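In: Sequence and predicted model, in that order:
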Amino acid sequence: MSENPIDAFIPEDIRDLYEIHNYRNAAQVLATGCPNEFQEIIEALRVFRLTLADIRKPGGNESDIPKRISGLLRAKGWMETRIKGDLLITKVSGTIDKNLGEKDLEGMEENESDTLEKIEELKNKGQVERIVRENFLDGHKVDYVKKRVAFDLEWNSKDQTFDRDLYAFRAFHECDLIDAAILLTRSASLNAVFEKLGPELNSDGTPKTSKNGKPKLIKTKYGASTTWMGKLLYRLNAGRHGGCPVLALGITPNLITDWAEYESKNT
């Protein structure tokens, strides 16, 4: 059986802890083109852990889990980054001199200096227009960027958040600001954990109940319409990230420090 191509670029322990999907050779791009930044991400992923209490606590992307990721990356210079920009369009109205023969036209088309000279002539005649589309890029934000690598985490937001993330990655990449991006979310394998955990907890540790007094189950908090790998993959398969290489990582039960003990006591 042939070796998985990403095995040479992602350490085995990381592959054991996370579900991994490699789009547009992101792992190869990161490991060879941005080795220092990629190694910092690998080290953070290696240290990162969560507990059953983290999962049961209220809060979505404001829970302790995203804060833990921030604690691992902010000190190393991974900064929230926004981009915005205007689009400058040069509209040239006019053609090459019609008195020139066909061969001369071919030569001029291939000669960049002649073409630029012709544009300058047209500019002097008022046939070159500069158009500015203000805020052509606006509001694109990535939570963690360092040099030419972007990283984001979606733990439990609405699944439409992935569209925002992938569009931001695409915009950063098309502006030649990053070489690749990494997106960390929940693996589908966590659903087995949610099924067994029972009720969601209030901030004081008591079980959360619905209006009719019944316990609100953890599995409903982490529903199908929230951010998890299944909702991310179909967007990546549809190419919503454009040409940006994206490494999609899923948090699995192997990262929960007290899951094995809990499971053994409740089987």
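Out: Cool, the structure landed.
In: Flag the shaky bits of the stretch 1-150 of the chain, pLDDT-wise.
Out: Within the stretch 1-150 of the chain, the segments meeting pLDDT under 70 span 1-3, 58-62, 94-116, 119, 122-123, 125-126.
In: Quick one: the helices in it, in order.
Out: 12-17, 26-33, 35-47, 52-56, 64-73, 102-110, 112-124 (DSSP state H, counting those that start in this stretch).
In: Would you reformat those helices as JSON lines and include distance to residue 249?
Out: (C-beta placed from N, C-alpha, C; glycine too.) Below are these laid out as JSON lines (distance: least, C-beta to C-beta, whole Å):
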{"stretch": "helix 12-17", "distance to residue 249": "8"}
{"stretch": "helix 26-33", "distance to residue 249": "10"}
{"stretch": "helix 35-47", "distance to residue 249": "7"}
{"stretch": "helix 52-56", "distance to residue 249": "18"}
{"stretch": "helix 64-73", "distance to residue 249": "11"}
{"stretch": "helix 102-110", "distance to residue 249": "47"}
{"stretch": "helix 112-124", "distance to residue 249": "45"}
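In: who touches residue 190 in this structure?
Out: 222, 228, 251, 252, 253 (C-beta atoms under 8 Å, 6 or more residues apart in numbering).
In: Output those residues as JSON lines; include the columns pLDDT, neighbour count and secondary structure.
Out: Shown next, in JSON lines, are the contacts of residue 190 (pLDDT from 0 to 100; neighbours: other C-beta atoms under 10 Å; DSSP: H, G, I helix; E, B strand; the rest coil):
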{"residue": "222", "pLDDT": "92", "neighbour count": "21", "secondary structure": "coil"}
{"residue": "228", "pLDDT": "97", "neighbour count": "24", "secondary structure": "strand"}
{"residue": "251", "pLDDT": "98", "neighbour count": "24", "secondary structure": "strand"}
{"residue": "252", "pLDDT": "98", "neighbour count": "19", "secondary structure": "coil"}
{"residue": "253", "pLDDT": "98", "neighbour count": "16", "secondary structure": "helix"}
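In: Quick one: closest of the helices of the stretch 1-150 of the chain to residue 83.
Out: Residue 83 lies closest to helix 35-47 among these, at 18.0 Å (C-beta to C-beta).
In: show me the contacts for the closest residue in space to residue 25 that isn't next to it in sequence.
Out: In space, and not counting its chain neighbours, residue 25 is closest to residue 245: 5.9 Å by C-beta to C-beta, 6 or more residues apart in numbering. Shown in contact with residue 245 (C-beta under 8 Å, 6+ apart): 23, 24, 25, 26, 29, 30, 173, 179, 180, 181.
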